[in-house]
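**Q** Using only what follows, build the 3D model:
(chains A and B)
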Amino acid sequence: MGVNRREFLKIAGAASLFGLGGKTAIEILAPGKVEASMEALPLTGGERWAMVVDMHKMDDALMDKCIEACHREHNVPDLGNPKEEVKWLWKEDYHHSFPGQHHQYIGDHFKHTNFLLMCNHCTNPPCCRVCPTQATFQRKDGIVMMDMHRCIGCRFCMAACPFGARSFNWGDPYRVTRVEELKKLNPGFPTNREYPTRSKGVVEKCTFCTERLAKGLLPACVEVANKVEEGAMIFGDLADPESEVRQVLKETYTIRRKPELGTEPNLFFIV
Amino acid sequence: MYDGGKIIVGLIVCLAFLLSPFIYNAGTTAKAPVPELTEKAKEAKECVESTTYMRAWHMQLLDQWRHEVVRDAKRTYRPSRKARDMRLDQQVIDQWRHAVSDGTRRYMPKSDKVFEKSLQNTCLDCHSNKSKFCDECHDYMGIDPYCWDCHIEPEEKK
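**A** Residues are numbered from 1 along each chain as shown, chains lettered A, B, ... in the order given. Got it, this is the predicted structure:
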């Protein structure tokens, strides 16, 4: 009865070899699909969503249109005060978007070009790691999501996010319907009656339009951008080697914000 | 008894003062409100689950929905089959209570109908009279759910 030391080592060795071999084989046959295929997500078909912004096709007017579409879709109020600003999608110049890639000889036209920024939906999101209630978490398809029902407003996630992608609700967003000067900035708030607003004391950010993905629609900003300039924004699944984003990333040189931090942003820019 | 008159008068005044709210409100008991149905709700005949179930457990159902939609991206709901035909005695309700607290509803056969799990877009689409359908009962029970801090109420004709 029993297994002696020699036999145990043999079995353990063989088993671990088999285990490694199994995973490697899958990795070769279907790259990137190992983790993703473990649990398929219903409705949203993607396994690792990502976005590419082509800065050659973007200008300030188009970015403003994207921002407006997003903020209307998600009932994001304009509070007219940078200290209280709530933003899902915003513009920032090169100098501030890519601080590590800046040098003194860079031309002014490039230094002050605005980039369209949003949550990077990092593969390794620091915000999710610090959230004490798991109100912010990573979905199976890679989207970093907010559960407003759980958010306690501690703002750890805002401190953890190196990209400033998160906004805190310092007050009730409905005050834009009560305060006279804010009424003018937010005509018809809430603009989308099919999407909830937020309440005082929660953190919010871009969700890659999960509610639209569930209906098979592209994110609002992508839809608007591509209506004006075909291919200005590309949205797709990094786990699918045939997807447009994978092709673009293979063919074109792209940059990401602060890649040295190791959060693996899934928002790419063609410059 | 020393000062008996004063004490008795004092006691009567004190009792009258203590009982005054009861005397004041006597006969004006508020009747338990009955949720009013809109034409659309009447036409649909049944909700996502039976009336008895919804009356007792809509809060658990909504709680389950919000969890599944936000966290698991499961946005559609298939109701229990023939829930309206089931005999809703205490035993069934107990089973439901158990299943809900369990987080599963596995024993219930599912129908082919599919609903979007959404308070704002599904529930309030039929029950667009929130003030009569939701608020009256919630007020009567003295509860104040915070759903409406974020989820937008339907616009009601006054």
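
**Q** And the residue most central in space within chain B, how far from residue A:234?
**A** The residue lying closest to the centre of chain B (C-alpha atoms, centre = their mean) is residue B:55, at 5.7 Å. Distance of residue B:55 to residue A:234, computed by C-beta to C-beta, to the nearest Å: 49 Å. For glycine as for every other residue, the C-beta is placed from the backbone atoms N, C-alpha and C.

**Q** Can you show me the helices along the stretch 1-150 of chain A?
**A** A:5-29, A:34-38, A:60-73, A:94-97, A:108-111, A:126-130 (DSSP state H, counting those that start in this stretch).

**Q** Next: the stretch 151-271 of chain A.
**A** So, for the stretch 151-271 of chain A - with DSSP H, counting those that start in this stretch - the helices run A:156-160, A:180-185, A:210-213, A:220-228, A:244-251.

**Q** Mean pLDDT, distance to residue A:8 and mean neighbour count added to the ones you listed, as a markdown table?
**A** Shown next, in a markdown table, are these (pLDDT from 0 to 100; distance: least, C-beta to C-beta, whole Å; neighbours: other C-beta atoms under 10 Å in any protein chain shown):
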| stretch | mean pLDDT | distance to residue A:8 | mean neighbour count |
| --- | --- | --- | --- |
| helix A:156-160 | 97 | 44 | 17 |
| helix A:180-185 | 91 | 72 | 11 |
| helix A:210-213 | 92 | 48 | 20 |
| helix A:220-228 | 95 | 56 | 20 |
| helix A:244-251 | 94 | 44 | 15 |
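
**Q** Which of those sits closest to chain B?
**A** Nearest of those to chain B, taken as C-beta to the nearest C-beta: helix A:210-213 at 6.9 Å.

**Q** now that we're looking at the closest residue to chain B within the stretch 1-150 of chain A, how far away is residue B:66 from it?
**A** Proximity of the stretch 1-150 of chain A to chain B (C-beta to the nearest C-beta) peaks at residue A:147, 4.8 Å away. Residue A:147 sits 8 Å away from residue B:66, taking C-beta to C-beta as the criterion.

**Q** can you check residue A:108 too?
**A** For residue A:108, the distance to residue B:66 - C-beta to C-beta - is 49 Å.

**Q** Could you list the low-pLDDT ranges of the chain?
**A** This is for chain A. By pLDDT under 70, the low-scoring segments of chain A are A:1-2, A:18-44.

**Q** Oops, wrong one, chain B.
**A** Ranges of chain B meeting pLDDT under 70: B:80-112, B:158.

**Q** For stretch A:203-220, list the C-alpha coordinates in PDB.
**A** Once non-C-alpha atoms are left out, stretch A:203-220 reads as follows in PDB (Å, rounded to 0.1, in the frame of the first residue of the first chain):
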ATOM      1  CA  VAL A 203     -17.200  57.900  -8.100                       C
ATOM      2  CA  GLU A 204     -17.900  57.500 -11.800                       C
ATOM      3  CA  LYS A 205     -16.000  57.000 -15.000                       C
ATOM      4  CA  CYS A 206     -16.100  55.700 -18.600                       C
ATOM      5  CA  THR A 207     -17.500  52.100 -18.800                       C
ATOM      6  CA  PHE A 208     -16.800  51.500 -22.500                       C
ATOM      7  CA  CYS A 209     -20.600  51.800 -22.800                       C
ATOM      8  CA  THR A 210     -21.400  48.300 -21.400                       C
ATOM      9  CA  GLU A 211     -25.100  49.100 -21.800                       C
ATOM     10  CA  ARG A 212     -24.600  49.700 -25.600                       C
ATOM     11  CA  LEU A 213     -22.300  46.700 -26.000                       C
ATOM     12  CA  ALA A 214     -25.100  44.500 -24.500                       C
ATOM     13  CA  LYS A 215     -27.300  45.700 -27.300                       C
ATOM     14  CA  GLY A 216     -24.700  45.000 -30.000                       C
ATOM     15  CA  LEU A 217     -23.900  48.800 -30.400                       C
ATOM     16  CA  LEU A 218     -20.500  50.400 -30.500                       C
ATOM     17  CA  PRO A 219     -19.600  52.800 -27.700                       C
ATOM     18  CA  ALA A 220     -21.200  56.200 -28.200                       C
END
